[in-house]
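Student: curious how this folds, go ahead:
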Amino acid sequence: KAVKEGMLEKRSDGLLQLWKKKRCILTEEGLLLIPPKHPPSPQQQQPAPPAEPAAKIKELHFSNMKTVDCVERKGKYVYFTVVMAEGKEIDFRCAQEQGWNAAITLQMVQYKNRQAILAVRSTRQKQQHLAAP
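Tutor: Coordinates of the predicted model:
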């Protein structure tokens, strides 16, 4: 289920570190990065061009995400970095009014809270099971 959809710019890993537009879908599980040429999602009711390989779609899952750091606001852009669990940093920018960094942070916190609640429930169930005669 999409929480937010739109365009974000991602800094490439290459030597030139160019900003590349990505169509992004924020869900309760993570952030999907889709090349802008990729066919639209089925909800958009447009005839889809031949599909690209699914490998082109990148998912940044909240289980692998550590933090979202707002680096700076410069001109019309907000620059922010998503820090993954393995230490990889991915730089993004968007227009300030789009609020992508806040939306991603909020969804990540909600995801981590849901996981923590599930972990506590699981622990309690194990304890109750062990305490039962």
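
Student: what's the span of stretch 12-28 from first residue to last?
Tutor: 25 Å (CA to CA, to the nearest Å).

Student: show me the contacts for the residue nearest the centre of the chain.
Tutor: Nearest to the mean C-alpha position of the chain, by CA atoms, centre = their mean, lies residue 31 at 2.2 Å. Contact partners of residue 31, counting by CB atoms under 8 Å, 6 or more residues apart in numbering, are 24, 25, 59, 60, 82, 104. Heads up, the C-betas are built off the backbone N, CA and C, glycines and all.

Student: and the fifth one, how many neighbours does it have?
Tutor: Put plainly, it is residue 82. Using other CB atoms under 10 Å, residue 82 has 22 other residues around it.

Student: so what's it up against?
Tutor: 31, 60, 65, 67, 68, 89, 90, 92, 104.

Student: over to the first one?
Tutor: For residue 24, the contacting residues are 4, 5, 6, 7, 8, 31, 32, 33, 34, 100, taking CB under 8 Å, 6+ apart as the criterion.

Student: buried ones among those residues?
Tutor: Buried by 16 or more other CB atoms under 10 Å: 4, 5, 8, 31, 32, 33, 34, 100, out of the contacts of residue 24.

Student: strands - which of those residues land there?
Tutor: 4, 5, 8, 31, 32, 33, 34 (DSSP state E).
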